[in-house]
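In: Just need the structure, nothing else, for what follows:
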Amino acid sequence: MAKLKTGRHTGAMKAHRQSQRAALRNRILRKKMRETTKEYMTAVGTKEKQGDAKKLLTSAYSALDKMAKKGTIHWKTASRRKSRLAAQLAKTAAA
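Out: Model prediction:
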């Protein structure tokens, strides 16, 4: 985008560029989180992959923590999702 001569809307233009960058970053982080969670849930569902589930759980934790750190999701939302993922593993391990 070209700058305006008067500079009246340059702040708005910059804010728009920043929001586009943030939206792209959020989209990438959200996709990564969904992919790792999906892989984890399939590993939890099959008994052969119980060992893989623990490794995938740490990667899912990492993805959620990164989202919370960047402000994509609230930190309490990340914590709640991590708790639910761990409870899922404990539930299948007990059964």
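In: what number of residues lie near residue 76?
Out: Here the number of neighbours of residue 76 (other C-beta atoms under 10 Å) works out to 9. To be clear about C-beta, it is placed using only N, CA and C from the backbone, and glycine gets the same treatment.
In: Which helix or strand contains it?
Out: Residue 76 belongs to helix 75-94 when assigned by DSSP states H and E.
In: gap between the two ends of stretch 65-79?
Out: 8 Å (C-alpha to C-alpha, to the nearest Å).
In: Just to check, residue 39 is in contact with residue 53?
Out: No: using C-beta atoms under 8 Å, residue 39 makes no contact with residue 53, being 9.3 Å away.
In: Of the two, which one has the most company?
Out: Neighbours were tallied for residue 39 and for residue 53 using other C-beta under 10 Å; the higher tally belongs to residue 53 (22 against 17).
In: isn't that one right up against residue 43?
Out: Yes: under the criterion of C-beta under 8 Å, residue 53 is in contact with residue 43, at a separation of 4.1 Å.
In: And the helices in this structure, which stretches?
Out: 10-45, 50-70, 75-94 (DSSP state H).
In: Tell me the buried residues in the first one?
Out: For helix 10-45, burial by neighbour count (16 or more other C-beta atoms under 10 Å) applies to 29, 32-33, 36-37, 39-40, 43-44.
In: so what secondary structure elements neighbour it?
Out: If contacts are counted by 3 or more C-beta pairs under 8 Å, 6 or more residues apart in numbering; DSSP states H and E, helix 10-45 sits against helix 50-70, helix 75-94.
In: Would you tell me which of those gets closest to residue 25?
Out: Proximity of the helices and strands packed on helix 10-45 to residue 25 was assessed by C-beta to C-beta; the nearest stretch is helix 50-70, lying at 6.6 Å.
In: Name the residues that touch that closest one?
Out: Applying C-beta atoms under 8 Å, 6 or more residues apart in numbering, the set of residues contacting helix 50-70 from outside is 25-26, 29-30, 32-33, 36-37, 39-40, 43-44, 73-75, 77-79, 81-82, 85-86, 89, 92-93.
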